[in-house]
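K.L.:
Sharing a model that was predicted from the sequence below.
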Amino acid sequence: MVSHLGVVGAGYVGLTSAACLAHLGFRVTCVDNDVAKVDRLCAGEVTIAEPGLADLVVAGRTRSRLDFTTDITTLAGVDLVLLCLPTPMGPDGACNLDVFESTLAILGGVLRPGCVIVTKSTVPLGTAGRVPRLLGRADLPVVSNPEFLREGHAVEDFLHPDRVVIGADAAYRDAAEEVAALYAETGAPVLHTDPATAEVTKYASNAFLAIKASYVNVLAELCERVGADVTEVTHAMGLDDRIAPDFLTAGPGWGGSCLPKDTSALLRAAEEAGVDFALVRDAVKANARQQATVVRKVRCAVTGSADGSLVGARIGILGLAFKAGTGDLRDSPAIAIVEALARQGAILTAYDPAVGAAVGLGIHGVGVVSDPYLVAEDAAALVVLTEWPEFRTLDWTALARAVRHPVVVDMRNVLDAAELATAGFRRVGLGTSA
Ligand code: UGA
């Protein structure tokens, strides 16, 4: 039975796992090489904005179940190690495994015989099989246990998972059971598989979500052309249990730190395996096209023509994060769209409730403000790019007075057209001809 475990990496996956496992009763030592981060965590300060996470960290520290350290040798006596290291996508679309590999090389010299190695970070297919060589020893059981945590819901997803997938070779069945025991309290279904199946499941799930979202975005285009309403179509589709209502919302495209990286990694793996996964490729292409569609819609709204010039046009942007509930700008479609509009000569002012005005986007012609009403000043159009619910309750009458042209391009379909009309705004939506 595992009583003391190590978590390597105190990022969003590692810190959530460490704090939740301490909450579930395990003693956890979490290692990160960022001295300032470890100091803050030791003081109970959490800078990752995940609902419930800070409370769990403080509770874990109070109960002496959760330690943070930069010293990886403190893991010498642990029963199990969760690897929660960054595996970012390099410029060529491949996963960069430098940190993962160098950390395993160090762990190989530290861990006690029999310690279970668990890969939690998303890794290229086949990585589990390479772990013994990277550790420099073959006596440690290796288990693949991919995470399925959504940003903004990470604690909830860890403590109430839809499923737990545990991939291990038959020889490591006992180790797989020890990993399963970590989740016993959650009551989630546990699926025991081989390592390759576990690794594929992670990529397959994220790529399927990407396909679903791209499907809806292309459907939105069709709806606009034939006079249908995509929101009503997807509502009706989602009532079919086989389809389910989630991930059926049209938007400016999917982004974040996972879906773009994982679709790219799956495509690479498929190509290497000689499998033509055109569906995933098309979903990625449709995603890039969606950003161009949004830019075209903004151009139409501002100039009255798809080829009009945006040079000198003032545009107000509402929302920069890749989704509501986070300030994360990584691979945000909003950033790509803002960049494209700026390249075409527009002057942009942006507001996002989770992104401070001090954050310089480093894009020429784009300013970030901390007051949503400032984006409206003299604007030729307002553009909604993230689905923050609070955008609905802005004083749209005041905004109408501030803008030069009262038109709002609502690319998340979050605003109420009738209310906007009362305030004097014309609303351009997504996936509807109205
Ligand atoms: C995603 C998965 O949902 C998690 O299950 C997974 O564990 C995680 O990646 C990961 O691999 O770590 P996350 O990146 O936090 O989670 O974000 P999602 O909530 O999946 O949203 C991804 C993107 O899809 C966002 O840009 C969102 O706006 C977009 N989206 C989502 C749509 O465009 N339409 C929808 O209907 C739903």
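P.N.:
In hand now; what should we look at? Residues are numbered from 1 along each chain as shown.

K.L.:
ok and the residue in the stretch 51-200 of the chain nearest the ligand?
P.N.:
Taking Cβ to the nearest ligand atom, the ligand has its nearest neighbour within the stretch 51-200 of the chain at Glu151, 3.4 Å off. Glycine gets a C-beta too; all of them are placed from N, C-alpha and C.

K.L.:
So that residue is in contact with Asp328, correct?
P.N.:
Yes: if you go by Cβ atoms under 8 Å, Glu151 and Asp328 touch, sitting 6.1 Å apart.

K.L.:
Need the overlap of contacts for those two.
P.N.:
256-257 (Cβ atoms under 8 Å, 6 or more residues apart in numbering).

K.L.:
how about the nearest residue to the residue nearest in space to the middle of the chain, chain neighbours excluded?
P.N.:
What sits nearest the mean C-alpha location of the chain, by Cα atoms, centre = their mean, is Gly256, with 4.0 Å. Of all residues not flanking Gly256 in the chain, Phe322 sits nearest, at 4.3 Å (Cβ to Cβ, 6 or more residues apart in numbering).

K.L.:
do the same with Pro51
P.N.:
Val155 is the one closest to Pro51 (Cβ to Cβ, 6+ apart), at 6.5 Å.

K.L.:
so what secondary structure elements neighbour whichever helix or strand that neighbour is part of?
P.N.:
In this structure, Val155 sits in helix 154-159 according to DSSP states H and E. Helix 154-159 sits against helix 12-23, helix 53-62, with contacts defined as 3 or more Cβ pairs under 8 Å, 6 or more residues apart in numbering; DSSP states H and E.

K.L.:
out of the ones you listed, deepest packed?
P.N.:
Of all these, helix 12-23 carries the top mean neighbour count, a mean of 26, counting by mean count of other Cβ atoms under 10 Å.

K.L.:
how about the residues of the stretch 151-300 of the chain near the ligand?
P.N.:
By Cβ under 6 Å from any ligand atom, the residues of the stretch 151-300 of the chain that approach the ligand are 151, 206, 209, 213, 247-249, 251, 254-256, 258-259.

K.L.:
same thing but 5 Å
P.N.:
Residues of the stretch 151-300 of the chain found near the ligand (Cβ under 5 Å from any ligand atom) are 151, 213, 247, 249, 251, 254-256, 258.

K.L.:
Lys261 is in contact with Ala94, isn't it?
P.N.:
No: counting by Cβ under 8 Å, Lys261 does not reach Ala94; the two are 10.2 Å apart.

K.L.:
who's more crowded, the two?
P.N.:
It is Lys261, of Lys261 and Ala94, that has more neighbours when counted by other Cβ atoms under 10 Å, with 20 against 12.

K.L.:
Within the helices and strands, which one has Leu219?
P.N.:
helix 195-226.

K.L.:
what's the following helix or strand after that helix?
P.N.:
The helix or strand immediately downstream of helix 195-226 is helix 230-238, counting by DSSP H and E.

K.L.:
how about that following helix: buried residues?
P.N.:
Buried residues in helix 230-238, defined by neighbour count with 16 or more other Cβ atoms under 10 Å: 230-231, 233-234, 237.

K.L.:
Of these, just say which sits nearest to the ligand.
P.N.:
Taking Cβ to the nearest ligand atom as the measure, Thr234 is the one of the buried residues of helix 230-238 closest to the ligand, at 8.3 Å.
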